[in-house]
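Participant: Here is my input, please return the structure:
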Amino acid sequence: MKILVPVKRVIDANIRVRVKSDHTGVEMNNVKMAMNPFCEIAVEEALRIKEAGNADEVILVSVGPTKCQETIRTGLAMGADRAVHVETDDTLEPLAVAKMLKAIAKKEETDLVILGKQSIDDDNNQTGQILAAIMGRPLGSYISEIEKNDAGFMITREIDAGLEKLQITSPAVVTTDLRLNEPRYASLPNIMKAKKKPIEKLTPADLGVSTEQRVQTIEVNDPPERDAGVMVSSAAELVEKLRNEAKVI
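Facilitator: Predicted coordinates for the structure are as follows:
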């Protein structure tokens, strides 16, 4: 079984994002970048499936500029076998990314695609769902557990009412939630080995996919500042403020 894991390069989750002065986007120059946290979870789960003897190969794929290779090398250092880099400087939307992933998944004949449920930059939460739809594969979204069995995969997904268990057939697409696992740190020997692992380079044109934008960002602004909290001396004063000032009771 082959597992395909898309990974995305985003602003490090520990960095405070700053809006550009012209409000056309967020500041990217001289900002620390890292692998999307949900993608790290996806890589970790793919590696665990392989280590359990249920997969033969873990293949990474990243779509974006040349610097995405840094993110790919991080995944290879964690233990992935090889990678595909679709190099483009164009601004990408979930539909275009899903079409590229479909082409690569078909080419590699993968049995499972594991994606993070969303990226922390755009927060679209669309790519996994679109990919499953255009490939005609079953989808398990927001999974907190996955187990390989003879029929395919038994997954546990998080829903508003609690946890839902589903049996899905193979080949399949799943998207990871935070509680699925705790990603490992790459050891120094694995970091050195990752430098020699192969990365196949492609372009969107090689895959027959257009990167034409269908959505235009009009303006980006910081969220409004919240008012400072107020200390109260008693429960009676709290109730009075909630009733007369906040008007929530």
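Participant: Quick check: nearest residue in space to residue 222, chain neighbours excluded?
Facilitator: residue 19 (5.3 Å; Cβ to Cβ, 6 or more residues apart in numbering). Just so you know, the C-beta spots here come from the backbone N, C-alpha and C atoms, and that holds for glycine as well.
Participant: same deal with residue 172?
Facilitator: residue 138 (4.9 Å).
Participant: pLDDT wise, what is the one you found at?
Facilitator: As summarised for this prediction, residue 138 has a pLDDT of 97.
Participant: can you check residue 89 too?
Facilitator: pLDDT for residue 89: 93.
Participant: how close does the residue nearest to residue 172 get to residue 146?
Facilitator: Distance of residue 138 to residue 146, computed by Cβ to Cβ, to the nearest Å: 13 Å.
Participant: Just want to know which of the two has more residues nearby.
Facilitator: Neighbours per residue, other Cβ atoms under 10 Å: of residue 138 and residue 146, the larger number sits with residue 146, 22 against 18.
Participant: Tell me the secondary structure of the more buried one, please.
Facilitator: For residue 146, the assignment made with DSSP: H, G, I helix; E, B strand; the rest coil gives strand.
Participant: That one touches residue 172, doesn't it?
Facilitator: No - Residue 146 is beyond contact range of residue 172, at 9.5 Å (criterion: Cβ atoms under 8 Å).
Participant: List the residues that contact the residue nearest in space to the middle of the chain.
Facilitator: Per Cα atoms, centre = their mean, the C-alpha nearest to the average position across the chain is that of residue 116, at 3.1 Å. Residues near residue 116 by Cβ atoms under 8 Å, 6 or more residues apart in numbering: 8, 36-42, 175-176.
Participant: can you do 6 Å?
Facilitator: 36, 38-39, 42, 176 (Cβ atoms under 6 Å, 6 or more residues apart in numbering).
Participant: Next: residue 36.
Facilitator: So residue 36 contacts 8, 10, 116, 119-120 (Cβ under 6 Å, 6+ apart).
Participant: redo that, cut-off 7 Å
Facilitator: By Cβ atoms under 7 Å, 6 or more residues apart in numbering, residue 36 lies in contact with 7-8, 10, 116, 119-120.
Participant: So it versus residue 131, what's the distance?
Facilitator: From residue 36 across to residue 131, the span is 16 Å (Cβ to Cβ).
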